[in-house]
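A.B. asks: missing the sequence, but the structure's below:
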């Protein structure tokens, strides 16, 4: 499977862009539908951002940028895969900031932690 996080030139360009612009927030956007594959994507993406940052290889003073938060799309279509969201938070240390529950911007919602916990305990 070839994905963005496996494309070194693309990830190097993204790391350079982040280093140059120094955004206040870096978000990983992934599909909730893919379950635990999303965890693997997130870990690889985060590692690539850190490892390919300018100066990272030389041990230079560059800040090793990693993601600050997670946006999960298609969250309304999952059932038992909600555990992947928990695994993503555990693997990255970054919170789920928003979940997509539809097709438009107004369908981006803050994660309802209580409903996730209830879903896991069913």
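C.D. replies: Sure thing, it's come through. Keep in mind that this is a model prediction, so the values were computed, not measured. Numbers count the residues shown, from 1 in each chain.

A.B. asks: quick check: longest helix of the chain.
C.D. replies: helix 36-51 (DSSP state H).

A.B. asks: which element follows that helix toward the C-terminus?
C.D. replies: Using DSSP states H and E, the helix or strand that directly follows helix 36-51 along the chain is strand 69-73.

A.B. asks: tell me the strands beside that next one, with direction?
C.D. replies: Applying DSSP bridges, strand 69-73 is found paired with strand 27-31 (parallel), strand 96-100 (parallel).

A.B. asks: would you check that residue 87 makes contact with residue 37?
C.D. replies: No - at 10.9 Å, residue 87 does not count as touching residue 37 under the criterion of C-beta atoms under 8 Å. All C-beta spots, glycine's among them, are computed from the backbone N, C-alpha and C.

A.B. asks: helices and strands around the longest helix of the chain, which ones?
C.D. replies: helix 8-21, strand 27-31, helix 83-92 (3 or more C-beta pairs under 8 Å, 6 or more residues apart in numbering; DSSP states H and E).

A.B. asks: would CSV of these with mean pLDDT, distance to residue 112 and mean neighbour count be doable?
C.D. replies: Below are the helices and strands packed on helix 36-51 laid out as CSV (pLDDT from 0 to 100; distance: least, C-beta to C-beta, whole Å; neighbours: other C-beta atoms under 10 Å):
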stretch, mean pLDDT, distance to residue 112, mean neighbour count
helix 8-21, 82, 30, 14
strand 27-31, 88, 18, 18
helix 83-92, 84, 11, 18
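
A.B. asks: could I get the ones you listed as TSV with distance to residue 51?
C.D. replies: Output for those, formatted as TSV (distance: least, C-beta to C-beta, whole Å):
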stretch	distance to residue 51
helix 8-21	8
strand 27-31	16
helix 83-92	15
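
A.B. asks: how about these, which one is nearest residue 109?
C.D. replies: Nearest of these to residue 109, taken as C-beta to C-beta: helix 83-92 at 13.0 Å.

A.B. asks: and the angle from that closest one to strand 27-31?
C.D. replies: For helix 83-92 against strand 27-31, the angle by axes from the mean of the first three to the mean of the last three C-alpha atoms, to 10 degrees is 150 degrees.
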